[in-house]
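>>> no FASTA, just this:
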């Protein structure tokens, strides 16, 4: 049976993506060896499922739906920047969530609980709301990019989180292509 690489995410609006594009521009010019995430692919991941048999997708939808429907739409403010694991040895460059992080964590926990009930492994790490904007490939010029990001008072504004998507991820040489498989509306 075919396997589909899947994850669950909150989509972000075009205006936030445009702000991210303006942030990434100078960082790209730093010539740091970073694989930049295309702004149209940026989202807030709630849970990564990995390769799921296509026949299980309806079961995943049925499990997630009540967990998501119980949550009301909420405000999310995107701002601030950081690094995983830290600025001295960054592997991932990210943008933070300064408002709505608790609601996103609750949503992620409810989804994790629902999926563990149907046999998916629970998350081992604590949920941290963020948007990945780049992955470090080597240390070449990385100090320049880190310095630029640390000095950037980035604020992409606020949006209303109203939906959660079950996403398909197709890995391609030019980067992953994400396609929504199912959209859940927050209702509360």
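That came through, no problem. Since this is a predicted model, take the numbers as computed values, not measurements. Residues are numbered from 1 along each chain as shown.

>>> what sits against residue 97?
Contact partners of residue 97, counting by C-beta atoms under 8 Å, 6 or more residues apart in numbering, are 44, 76, 77, 78, 79, 104, 129, 130, 131. Every residue, glycine included, has its C-beta placed from N, CA and C.

>>> quick one, phi/psi of the third one?
In this entry, residue 77 is assigned phi and psi values of phi -110, psi 130 (degrees, to the nearest 10).

>>> Next, the contact list for it, please.
97, 98, 99, 100, 155, 157, 158.

>>> Equivalent analysis for the second one, please.
Each residue near residue 76 by C-beta under 8 Å, 6+ apart is listed here: 10, 44, 97, 99, 100, 103, 104, 158, 159, 160, 161.

>>> and of the contacts of residue 97, the nearest to residue 122?
residue 104 (17.3 Å; C-beta to C-beta).

>>> okay, now the closest one: neighbour count?
A count of neighbours around residue 104, defined by other C-beta atoms under 10 Å, yields 22.

>>> gap between the two ends of stretch 147-161?
One end of stretch 147-161 sits 31 Å from the other (C-alpha to C-alpha, to the nearest Å).

>>> So residue 38 sits against residue 175, correct?
Yes - counting by C-beta atoms under 8 Å, residue 38 touches residue 175, with 6.1 Å between them.

>>> The two: which is more packed in?
Comparing residue 38 with residue 175 by neighbour count (other C-beta under 10 Å), the higher total belongs to residue 38, at 16 against 13.

>>> Could you tell me how far that one is located from residue 92?
The spacing between residue 38 and residue 92, counted by C-beta to C-beta, to the nearest Å, is 15 Å.

>>> Then residue 54?
In terms of C-beta to C-beta, residue 54 sits 29 Å off from residue 92.

>>> out of these two, which sits in the busier spot?
Neighbours per residue (other C-beta under 10 Å) separate residue 54 from residue 92, with residue 92 holding more: 16 against 13.

>>> these two touch, right, the more buried one and residue 81?
No - under the criterion of C-beta under 8 Å, residue 92 makes no contact with residue 81, lying 11.2 Å away.
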